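pasting the structure only:
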């Protein structure tokens, strides 16, 4: 089953490069059979005979699930190794740390059996400049000076965009460049403190970063007030998709509407009883930004083109130490809304529109539907062939879902 995959992908330069420091022997199990995958400085090898060495960890799935992993259009939950773990299709036993140390090359090995759609990247005949302006706001948050970076484009109704955990405002590049949006909306994207070009506040070296509900709501409203934005729309994805719910709950009378991308009342943070997000991405023996990218790989739809997919992952692989983990404190714990508080959102006062990608194994369509029913959402739609990062992984398809929502809000 696996020999052809390794023969086609085992010499990929990024797999081989990471293999310089790898030293793993992995059992791949299916329907009572075992293949042994060796990955080290000598390359990638696979076969039915057990090598004379210790097994590093074991990955077990049904034969049908292994086969679907490498097909062109796997079902949601079978698009990657980490997605298979989240959905219970793949069981990991053995050295969990070694699994994360080798996750990105393993995802590359299996995903390259089904190349992503190509994107037509036109080469400009002359240099062009995007119609985006970037500036800094100097303000006080929690009694400390902060320098918040933001970009904007367009004019009209203010549209504040909130990025995902561990990333930054670059995720909304396509929105900022979309003339159909910027003709009627002033799009504003800011980097949370500690993210992107928004540096941590003075004295950050003496603390551990953690994002909370209070902090997220406060910084968003501080940016709104600093830019004197009247009755804006706020759109957020992932942690931003949770934040728009807290904003609608606490400040709905000051908002025209909110749009939740990948919104849910809560998110599950364990695989096989292991708190994956909180333990694997900030350890001295794991490359945190790289494993962050590898885990996010599993949340992207297989139909998303390779260019936008890898740009999305690149943003994750540039995060500061501990920042992604600190954001997940809000996503998994502090921002949990299963206590019934979300029922206080008045969607007549502040309309709530929900858009969720079908391949998201974190804020799943089922969880978003549960949210929509609980708060009587203004609208809810599942986006076909999209995952957790619709605005960056597949912006061309995403705009087809977003434009009607923006038209409804503008009218």
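Nice, I can see it. Just so you know, these numbers come straight off a predicted model, no measurement behind them. Numbers count the residues shown, from 1 in each chain.

domain parsing for this structure?
3-111, 134-410 (automatic domain parsing).

and those domains, which one's lowest on average pLDDT?
Lowest mean pLDDT of these: domain 3-111, a mean of 90.

the strands in the protein, which residues?
With DSSP state E as the definition, the chain shows strands at residue ranges 23-30, 33-40, 43-47, 57-60, 91-94, 133-141, 144-153, 157-162, 185-190, 233-237, 257-261, 352-357, 379-383.

what strands line up against the fourth one, and which way round?
According to DSSP bridges, strand 57-60 forms sheet pairs with strand 23-30 (parallel), strand 91-94 (antiparallel).

most tightly surrounded among the ones you listed?
strand 23-30 (a mean of 18; mean count of other C-beta atoms under 10 Å). To be clear about C-beta, it is placed using only N, CA and C from the backbone, and glycine gets the same treatment.

pull the residues that contact that one.
With C-beta atoms under 8 Å, 6 or more residues apart in numbering as the test, strand 23-30 has contacts from 1-2, 34-41, 46, 51, 53-63, 65-66, 98, 101-102, 106.

excluding chain neighbours, give the residue nearest to residue 266 in space.
residue 336 (4.7 Å; C-beta to C-beta, 6 or more residues apart in numbering).

for residue 58, same thing?
residue 27 (4.1 Å).

what's the closest of the domains of the chain to residue 125?
For residue 125, the closest of the domains of the chain is domain 134-410, at 18.3 Å, according to C-beta to C-beta.

end-to-end on that closest one?
From its first residue to its last, domain 134-410 covers 25 Å (C-alpha to C-alpha, to the nearest Å).

ok, stretch 282-295 next?
Stretch 282-295 has an end-to-end distance of 13 Å (criterion: C-alpha to C-alpha).

return the set of buried residues in that stretch.
282, 286, 287, 288, 289, 290, 291, 292, 293, 294, 295 (16 or more other C-beta atoms under 10 Å).

which residues are in contact with the fourth one?
Read it as residue 288. Contacts of residue 288 (C-beta under 8 Å, 6+ apart): 281, 282, 319, 321, 322, 324, 325.

neighbours around the last one, how many?
When neighbours are counted by other C-beta atoms under 10 Å, residue 325 registers 24.

can you verify my assumption that it contacts residue 281?
Yes. Counting by C-beta atoms under 8 Å, residue 281 is a contact partner of residue 325 at 5.6 Å.

give me the angle between the lengthiest helix in the chain and strand 157-162.
Counting residues, the longest helix in the chain under DSSP state H turns out to be helix 395-410. Relative orientation of helix 395-410 and strand 157-162, computed by axes from the mean of the first three to the mean of the last three C-alpha atoms, to 10 degrees: 130 degrees.

quick one: helix 395-410 to strand 233-237, angle?
Going by the same axes, to 10 degrees, helix 395-410 makes 150 degrees with strand 233-237.

residues of helix 395-410 that come out buried?
Buried, per 16+ other C-beta under 10 Å, within helix 395-410: 395, 397, 398, 399, 401, 402, 405, 406, 409.

helices and strands around that helix, which ones?
The contact analysis (3 or more C-beta pairs under 8 Å, 6 or more residues apart in numbering; DSSP states H and E) places helix 395-410 against strand 157-162, helix 173-176, helix 179-182, strand 257-261, strand 352-357, strand 379-383, helix 390-393.

and residue 244, what is it in contact with?
162, 234, 235, 236, 258, 259, 260, 263, 352.

ok, now residue 76?
Counted by C-beta under 8 Å, 6+ apart, residue 76 has contacts 83, 358, 359, 360, 361.

out of those, which sit inside helices?
residue 83.

reformat the contacts of residue 76 as JSON lines; add distance to residue 152.
Formatted as JSON lines, those follow (distance: C-beta to C-beta, whole Å):
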{"residue": "83", "distance to residue 152": "35"}
{"residue": "358", "distance to residue 152": "31"}
{"residue": "359", "distance to residue 152": "30"}
{"residue": "360", "distance to residue 152": "28"}
{"residue": "361", "distance to residue 152": "33"}
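
would you point out the most distant pair within the contacts of residue 76?
Pairwise distances across the contacts of residue 76 (C-beta to C-beta) peak at 12.1 Å, for the pair 83 and 358.

of the two, who's got more company?
residue 83 (27 against 16).

could you pull up the residues touching the more buried one?
Counting by C-beta under 8 Å, 6+ apart, residue 83 has contacts 76, 77, 298, 299, 359, 361.

check contacts around the fourth one.
If you count contacts by C-beta under 8 Å, 6+ apart, residue 299 has them with 82, 83, 359, 360, 361, 362, 387, 388, 389.

wait, which of these is closest to residue 213?
Using C-beta to C-beta, these come closest to residue 213 at residue 362, 18.3 Å.
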